[in-house]
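Trainee: please find the sequence and the predicted model below.
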Amino acid sequence: MAETALITGASSGLGLDFAHIFAREGYDVVLVARNKERLQSLAAELRSSYGVKAHVVATDLAQPLGIVEVADYIDENRLAIDVLVNDAGFGDHGAFATADIQKQDQMIELNVRALTDLTYWCLGPMLDRGKGKILNLASVAGFMPGPYMSVYFATKAYVLSLTESLAAELRGTGVSVTALCPGPTDTSFWSVAGTGTSGAFGKIQYATSLDVAEYGYKALMSGKVVAVPSATNKVLVAVPRFLPRSAMRALTALFLKG
C-alpha cells in the first residue's frame with residue numbers, strides 16, 4: 001500500500017512542485033489549498049501521470065475551520081498521513097505602522113497557527129505508528145530580523161524555532177521534522193507580498209521552485225533538521241553569527257526597504 005503525503009499550498013509554487021515530486025515517488029497525495037479548480041486539475045494530472053491516488057481538500061487554512069475540514073476529510077476517508085508538508089504561507093512588504101493589519105493577522109494565522117495545528121494533528125498518529133516525516137517551510141528570513149517585512153520574518157523565525165525544538169523532542173521516535181529554509185525563490189510569493197521588481201528586489205538571483213523542492217524532498221527523506229539550499233544561502237544564514245544585531249538590523253532594513 002502506498003504511503004500518503006498531505007501537502008498544503010499545493011495549487012502553486014513550491015507546494016505544486018512538492019505534489020509532483022511525491023506523486024512521482026509513488027506517494028498518494030492529499031492536496032490542500034483554496035483554489036478548488038486548480039487542485040482538481042492538478043489531482044487529475046497526478047493520477048494520469050503517476051498512477052497515484054490524489055485527494056482534494058479546497059479550504060482556507062487561514063481560517064480555523066480550514067484545519068477542521070482537513071481533519072474531517074482525513075478521518076472520513078480513513079487516511080493515514082505518513083508525510084506532512086506545511087508549505088502554505090505568504091508575506092507582505094512595507095512598514096509595519098502603515099501595513100494592513102488584517103493581512104498581517106491572516107499571515108500569522110496561516111504561517112504560524114495553521115502550521116502548528118496541522119503539525120500537532122498529524123504528529124500524534126505518526127508517533128502511534130512509530131514513523132512519519134514533517135516538512136515545515138521556514139526561510140533564510142528565520143535567521144535574522146526583517147524590517148519592512150517584519151511580521152513575515154517573525155513568522156519564519158517561529159517556524160524554524162518550533163521545528164528545531166520538535167526535532168529534539170522526537171529523537172528516537174521514528175518521526176522526523178525538517179525546516180526547509182530557502183532564500184529568494186521564483187514563485188508568486190513576491191507579487192503577493194507586493195515587493196515588485198524595482199530596487200533591491202530586481203537585483204535578486206532567484207532559485208527555481210523545482211530545485212528548492214527537490215532539495216527539500218531529499219533533506220526530508222534523509223532526516224535533516226535544518227535544510228538550507230545553496231552555498232550562497234548557507235553563507236547568508238551564517239552572517240548573523242558574526243555581526244552585531246544592530247548591524248544586521250541596519251543591513252536588512254537597507255535591503256528590504258526596496
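Mentor: Good, I have the coordinates. Residues are numbered from 1 along each chain as shown.
Trainee: check contacts around Ala157.
Mentor: Counting by Cβ atoms under 8 Å, 6 or more residues apart in numbering, Ala157 touches 141-143. Where you see a C-beta, it was placed from the backbone N, CA and C, and this is true even at glycine.
Trainee: check which residues of whichever strand or helix holds it are buried.
Mentor: Using DSSP states H and E, Ala157 sits within helix 150-169. Residues of helix 150-169 classed as buried: 150-160, 162-163, 166-167 (neighbour count, 16 or more other Cβ atoms under 10 Å).
Trainee: gap between stretch 30-45 and the chain center?
Mentor: The chain centroid and the centroid of stretch 30-45 are separated by 17 Å, computed with Cα atoms, centre = their mean, to the nearest Å.
Trainee: which stretches of the stretch 151-258 of the chain form strands?
Mentor: 175-180, 185-186, 207-208, 226-227 (DSSP state E, counting those that start in this stretch).
Trainee: for the stretch 101-250 of the chain, which spans come out with low pLDDT?
Mentor: Within the stretch 101-250 of the chain, the segments meeting pLDDT under 70 span 187-204.
Trainee: where along it do the helices fall?
Mentor: Applying DSSP state H, counting those that start in this stretch to the stretch 101-250 of the chain gives helices spanning 101-108, 115-129, 150-169, 189-193, 209-222, 231-238, 245-256.
Trainee: and those: which comes nearest Ala88?
Mentor: Ranking the helices of the stretch 101-250 of the chain by proximity to Ala88 (Cβ to Cβ) places helix 115-129 first, at 7.6 Å.
Trainee: that closest one packs against which elements?
Mentor: In this structure, helix 115-129 makes packing contacts with strand 4-8, helix 64-76, strand 83-86, strand 132-137, helix 150-169, strand 175-180, judged by 3 or more Cβ pairs under 8 Å, 6 or more residues apart in numbering; DSSP states H and E.
Trainee: would you turn the ones you listed into CSV with distance to Tyr120?
Mentor: Below are these laid out as CSV (distance: least, Cβ to Cβ, whole Å):
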stretch, distance to Tyr120
strand 4-8, 13
helix 64-76, 9
strand 83-86, 10
strand 132-137, 10
helix 150-169, 10
strand 175-180, 12
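Trainee: which one of these lies closest to Ala238?
Mentor: Using Cβ to Cβ, the nearest of the helices and strands packed on helix 115-129 to Ala238 is helix 150-169, at 14.4 Å.
Trainee: nearest to Leu115 among the contacts of Ala157?
Mentor: Gly142 (12.5 Å).
Trainee: check the gap between that closest one and Ala10 for me.
Mentor: According to Cβ to Cβ, to the nearest Å, Gly142 and Ala10 sit 22 Å apart.
Trainee: who's more crowded, these two?
Mentor: Ala10 (33 against 22; other Cβ atoms under 10 Å).
Trainee: so what pairs up with the nearest residue to that one once chain neighbours are set aside in the strands?
Mentor: Take Ala10 and drop its neighbours on the chain: the residue closest to it by Cβ to Cβ, 6 or more residues apart in numbering is Leu31, 4.0 Å away. Taking DSSP bridges as the rule, Leu31 bridges to Ile7, Val56.
Trainee: Leu31 and Leu6: what is the separation?
Mentor: For Leu31, the distance to Leu6 equals 9 Å [Cβ to Cβ].
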